[in-house]
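*Asks:* turn this into a model:
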Amino acid sequence: MLNTANLSLEQAPPISIPFRFFLTAPLFGLAAAMLLIWYGPEVMTSRWSPQALALTHLITLGFLALVMCGALLQMLPVLAGVPVPQVVLVGNLVHPLLSVGTLGLVIGFLLGSLQWLKFAVIALGAGFVIYILAVGVALWRVKQPNPTVTGMRMALMALGVTVLIGLTLASGLSGWGTLNYPFLYTNVHLVWGMLGWVALLLIGVSFQVVPMFQVTPEYPGWMRNLLPRSLLLGLAIWTTLYVTAFIDRTTLFWSFACLIIMLVGYIAFAVTTLMLQQKRRRKITDVTLLFWRVGIVAIPLSFMVWAIGRMFPKITVFVDLDMLLGVSMIFGVAIPLLNGMLYKIVPFLSWFHLQNRQLAMMCMSVQIPNMKQFMPDAPAIRQFWIYLAALVFTLAAVVVPDWLARPAAVLLAVSFGMLGYNLLQVVLRFREVSSELDQAATSNQDG
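*Replies:* Residues are numbered from 1 along each chain as shown. Predicted coordinates:
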């Protein structure tokens with residue numbers, strides 16, 4: 001049984017708001033797979049290539065950001081009890097701005113078009129500014145923030161830094177400004193995006209949804225109270241040391257030391273989550289648990305890839321460890337965690353929105369499907385195994401791109417396609433039951 005006692009369900013926005021984000025996201029994942037099929041090994045030659053930059057942003061902006069932005073617009077009112085101001089207007093503006101801005105950025109990378117890059121800067125800048133302001137107002141209205149709200153606040157600040165650096169990079173490439181130290185900006189942008197925005201939001205939301213959906217004990221109090229704040233502070237200190245190291249090499253050691261301390265924090269979260277999952281009261285292994293185990297285990301493995309690259313730099317002659325690290329973090333950590341979360345959030349939202357409507361309309365003759373009826377295990381598990389094969393092939397394609405880049409792309413396309421199809425089935429079932437409620441209400445009035 002789900003424990004929804006602490007949720008403010010009546011604060012939730014219209015379900016169409018998160019649904020449009022969730023249904024669009026797999027299309028960008030599919031577009032990334034199509035790009036990899038088209039360009040093949042070229043994408044894997046260097047993380048600085050236009051093809052690699054295009055694919056990376058199709059996933060990070062098109063898939064990850066859309067899922068996370070949509071989820072936060074929905075879950076913030078539910079988990080924190082504070083609605084996002086003008087949430088319908090915000091959703092109607094942010095979704096198309098981020099979508100077309102991502103497409104413009106990708107086209108600008110692939111064609112080397114300054115006009116498309118300028119368009120992307122405007123669209124993405126406007127979309128993220130609207131989003132950060134609206135969500136920020138809601139988050140800072142919470143008078144007694146719980147650990148999840150604190151994690152959301154830290155994640156939103158990290159998103160602001162990520163967007164600012166990203167827009168600076170894109171503006172420099174478009175000719176609107178002078179781009180000094182692009183390598184420095186890109187690395188800081190990547191760290192704030194993955195270890196800041198993505199990781200901090202996942203950690204903060206996990207404090208609530210892991211015990212609720214996976215029926216586990218609570219996270220330790222020290223972790224809930226200290227980890228998000230400590231990691232954001234660590235990111236700020238690391239950035240200062242890393243930027244300074246370009247001028248004074250004596251701070252390079254301390255920047256590495258700071259990053260290692262932060263990585264220990266992320267690994268502590270991963271180990272704690274695995275331990276909590278082992279103590280769950282419902283011992284059934286569902287698809288969300290499978291996705292989460294992959295993502296959680298990939299956190300320390302990604303750290304190992306980073307550490308090997310720093311301790312044995314000559315190994316880069318044989319394999320591009322920076323590329324392998326990026327694939328591991330994006331495809332091995334972020335994608336499965338969000339994929340698994342979607343399989344809980346979308347059926348859950350469908351169920352409780354219909355429950356609320358049924359109670360408000362007093363139409364008890366209509367049976368509301370439970371979460372398992374909205375999203376059966378079989379199709380979701382099939383998608384999990386395809387995803388796992390795609391992950392293995394994508395990691396291996398970094399080593400032997402000529403042989404495996406396109407097979408990996410085909411598997412990725414199938415995985416994202418199956419995810420999109422499965423989510424669409426939930427939405428169609430929601431609309432079907434919603435229509436039944438309307439018909440039942442009309443019949444009651446006529447009677």
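*Asks:* and the closest residue in space to residue 84 that isn't next to it in sequence, what element?
*Replies:* What sits nearest to residue 84 in space, not counting adjacent residues and going by Cβ to Cβ, 6 or more residues apart in numbering, is residue 138, at 4.6 Å. For the C-beta atoms, the positions are set from N, CA and C on the backbone; glycine is no exception. Assessed by DSSP states H and E, residue 138 sits inside helix 114-140.
*Asks:* re earlier: so the residue nearest to residue 84 touches residue 85, yeah?
*Replies:* Yes - between residue 138 and residue 85 there is a contact at 6.6 Å, judged by Cβ atoms under 8 Å.
*Asks:* more neighbours: these two, which one.
*Replies:* residue 138 (23 against 13; other Cβ atoms under 10 Å).
*Asks:* mind listing what that one touches?
*Replies:* Residue 138 makes contacts with 76, 77, 80, 82, 83, 84, 85, as judged by Cβ atoms under 8 Å, 6 or more residues apart in numbering.
*Asks:* which residues does stretch 166-185 contact?
*Replies:* The list of residues contacting stretch 166-185 from outside it, by Cβ under 8 Å, 6+ apart, reads 105, 108, 114, 117-118, 120-121, 124-125, 165, 186, 189, 193, 242-243, 246.
*Asks:* quick check: buried residues in it?
*Replies:* By neighbour count on 16 or more other Cβ atoms under 10 Å, the buried set for stretch 166-185 is 166, 167, 168, 169, 170, 171, 172, 173, 174, 185.
*Asks:* tell me the pLDDT of the fourth one.
*Replies:* As predicted, residue 169 sits at a pLDDT of 94.
*Asks:* for residue 11, same thing?
*Replies:* Here the pLDDT value assigned to residue 11 is 63.
*Asks:* what of the one 5 residues further on?
*Replies:* For residue 16, the model assigns a pLDDT of 91.
*Asks:* and if you look at residue 108?
*Replies:* Note for residue 108: predicted pLDDT of 97.
*Asks:* what's the neighbour count on residue 82?
*Replies:* If we define neighbours as other Cβ under 10 Å, then residue 82 has 19 of them.
*Asks:* what's it sitting at in phi/psi?
*Replies:* Reported as degrees, to the nearest 10, the phi and psi values for residue 82 are phi -120, psi 120.
*Asks:* now do the contacts for it.
*Replies:* 11, 76, 138, 139, 141, 142.
*Asks:* would you reformat those as a markdown table and include distance to residue 392?
*Replies:* Shown next, in a markdown table, are the contacts of residue 82 (distance: Cβ to Cβ, whole Å):
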| residue | distance to residue 392 |
| --- | --- |
| 11 | 42 |
| 76 | 35 |
| 138 | 40 |
| 139 | 38 |
| 141 | 45 |
| 142 | 42 |
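*Asks:* do I have it right that residue 290 meets residue 377?
*Replies:* No - the criterion here is Cβ under 8 Å, and residue 290 misses it with residue 377 at 10.1 Å.
*Asks:* which of the two has more residues huddled nearby?
*Replies:* With neighbours defined as other Cβ under 10 Å, residue 290 and residue 377 compare such that residue 290 has more, 20 against 14.
*Asks:* tell me the helix or strand right after the helix or strand hosting that one.
*Replies:* Residue 290 belongs to helix 287-311 when assigned by DSSP H and E. Per DSSP H and E, helix 287-311 leads on to helix 321-327 as the next helix or strand towards the C-terminus.
*Asks:* measure the closest residue to residue 17 other than its chain neighbours to residue 226 for me?
*Replies:* Among residues not flanking residue 17 along the chain, residue 91 sits closest, at 3.9 Å (Cβ to Cβ, 6+ apart). Using Cβ to Cβ, to the nearest Å, residue 91 is found at 33 Å from residue 226.
*Asks:* could you do residue 24 as well?
*Replies:* For residue 24 relative to residue 226 (Cβ to Cβ), the value is 36 Å.
*Asks:* between those two, who's got more neighbours?
*Replies:* Set residue 24 next to residue 226 and count neighbours by other Cβ under 10 Å: residue 24 wins out with 20 against 14.
*Asks:* shouldn't the more buried one be in contact with residue 98?
*Replies:* No - the criterion here is Cβ under 8 Å, and residue 24 misses it with residue 98 at 9.1 Å.
*Asks:* shared neighbours of those two, anything?
*Replies:* Here residue 24 and residue 98 share the contacting residues residue 66, scored by Cβ under 8 Å, 6+ apart.
*Asks:* about what we covered before: which one of the buried residues of stretch 166-185 is nearest to residue 274?
*Replies:* Residue 274 lies nearest to residue 166 out of the buried residues of stretch 166-185, by Cβ to Cβ, at 32.2 Å.
*Asks:* and after the helix or strand containing that closest one, which helix or strand comes next?
*Replies:* Element membership for residue 166, per DSSP H and E: helix 147-174. Under the assignment DSSP H and E, the closest C-terminal helix or strand after helix 147-174 is helix 182-191.
*Asks:* quick one: mean pLDDT for that next one?
*Replies:* If you average the pLDDT values across helix 182-191, you get 91.
*Asks:* ok, now stretch 299-318?
*Replies:* Mean pLDDT, computed over stretch 299-318, is 87.
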